[in-house]
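**Student:** quick one, fold the following:
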Amino acid sequence: MTPFKMHGTHILSTGSAVPDICISNDLLSNIIDTSDTWISTRTGIKERRILDNNQSIIDLARIASDEALIKGLIKAEDLDLILFATSTPNDLFGSASQLQKSLGATKAAAFDITAACSGFVIGLIVAQQFIQTGTYKNILIVGADTLSQWVDWSDRTTCILFGDGAGAAILQPSRQNDLMSFELNTDGSESHQLSIQHQENSSSIDYKNLNFSAQKISKYKYLTMNGKEVYKFAVSKVPESINKCLQTSQLKTNQITWLLLHQANQRILDTVSQKLQIPTEKVLSNIQCYGNTSAASIPIALNEAFNTGHICHKDIIAIAGFGAGLTWGSILIQWNAIE
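**Tutor:** Modelled structure (predicted):
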């Protein structure tokens, strides 16, 4: 639990992108044993967007980033740093450099953050640290994931939940500080509750006889999730995390203008808001349109809230990400419009 005390940080602009292909619950019910009623009553999801074979995660990330750059009135070559929060990179070594090239951000350093659904929140906090020290001035944070490629589409317990998307935000130094306090946590002992586990085939390299003809091929299993345990984890840890941020910032729950949680399940959103005694009309939710887009869910919802005028000068937004790792993190933002 760490308050921000040094140079202020301002959220200059945001952007988002989702694929064109829309998979409704009714369409899924033609493929697997489910129905729109079964899915929507349990998750709040009505449809999700899926990346087609002609697009990549870099394409989505670039579109979201371009929107943020245009709205922020800056050019890609003005960026000093790109933080790419994703657990589904194009390249196992990371995709931030690919995004840097795609944008033409030739002066920017770039690296990936692998923290699944908490990735964008962690990206905001990492960016804040660089701005606090005066190291960088224009930082692009992108949250993007394409988990549709990692689910078993015959498993109705997981495939109904996930969609693809990307969201972006640009942070700059400011006299007034938008980012008020944060809280980050990890519980690796529960990582098996939500994971994409590594597996290896039976082939191996004969080191004793120096026979390297039999190559070892690394593979990963489908995404697996213990839904009940993830639900219990989220509704227990997230309210605690947000309350700690409020205490650090010396704020009360009723001073929160908007509650923006990772869009994992409408039931989780409802339960967390009830525990915090935050009324439904203050909860930002778009899960019905996109499902769980992992690291992209918070920045997509944040961009839509800005675009629709929901977020105004001096509004306080409590944001929390949670998911695989298990990781969870919260951040309090008081957005200050540039006058």
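**Student:** where along the stretch 101-250 of the chain do the strands fall?
**Tutor:** Applying DSSP state E, counting those that start in this stretch to the stretch 101-250 of the chain gives strands spanning 109-113, 139-146, 164-174, 179-186, 194-195, 198-200, 218-220, 224-225.
**Student:** let me see the ranges of the helices in the stretch 51-200 of the chain.
**Tutor:** Using DSSP state H, counting those that start in this stretch, the helices assigned to the stretch 51-200 of the chain run over residues 57-72, 96-103, 119-132.
**Student:** from the strands of the stretch 101-250 of the chain, which stretch is densest packed?
**Tutor:** With neighbours taken as mean count of other C-beta atoms under 10 Å, the strands of the stretch 101-250 of the chain reach their highest mean count in strand 139-146, at a mean of 32. C-beta here means a position set from N, CA and C on the backbone, and glycine is covered the same way.
**Student:** show me what that one pairs with in its sheet, parallel or antiparallel.
**Tutor:** If you go by DSSP bridges, strand 139-146 pairs up with strand 81-85 (parallel), strand 164-174 (antiparallel).
**Student:** just put those strands in CSV and tack on mean pLDDT and distance to K244.
**Tutor:** Formatted as CSV, these follow (pLDDT from 0 to 100; distance: least, C-beta to C-beta, whole Å):
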stretch, mean pLDDT, distance to K244
strand 81-85, 98, 22
strand 164-174, 97, 23
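**Student:** for stretch 86-100, buried residues please.
**Tutor:** Buried residues in stretch 86-100, counted by 16 or more other C-beta atoms under 10 Å: 86-89, 94-100.
**Student:** also stretch 59-78?
**Tutor:** 59-69, 71-72, 74, 76, 78.
**Student:** with stretch 327-339 instead?
**Tutor:** For stretch 327-339, using 16+ other C-beta under 10 Å, the buried residues are 327-336.
**Student:** what do you get for stretch 40-48?
**Tutor:** 40, 42-48.
**Student:** how about A168, what does it touch?
**Tutor:** 14-16, 61, 64-65, 67-68, 140-143, 299, 303 (C-beta atoms under 8 Å, 6 or more residues apart in numbering).
**Student:** thinking again about what came up before, redo the strands paired with strand 139-146 as CSV? Include distance to L269.
**Tutor:** Converted to CSV, the strands paired with strand 139-146 look like this (distance: least, C-beta to C-beta, whole Å):
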stretch, distance to L269
strand 81-85, 21
strand 164-174, 17
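**Student:** can you list the weak-confidence ranges in the stretch 1-150 of the chain?
**Tutor:** Low-confidence segments of the stretch 1-150 of the chain (pLDDT under 70): 1-6.
**Student:** recalculate using a threshold of 90.
**Tutor:** Applying pLDDT under 90 to the stretch 1-150 of the chain picks out residues 1-8, 31, 53, 91-92.
**Student:** same deal with the stretch 151-300 of the chain?
**Tutor:** 155-157, 175-177, 190-191, 193-225, 227.
**Student:** domain map for the protein?
**Tutor:** 2-175, 180-191+223-334 (automatic domain parsing).
**Student:** as a markdown table, these with distance to H198 would be great.
**Tutor:** Putting the domains of the chain into a markdown table (distance: least, C-beta to C-beta, whole Å) gives the following:
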| stretch | distance to H198 |
| --- | --- |
| domain 2-175 | 11 |
| domain 180-191+223-334 | 12 |
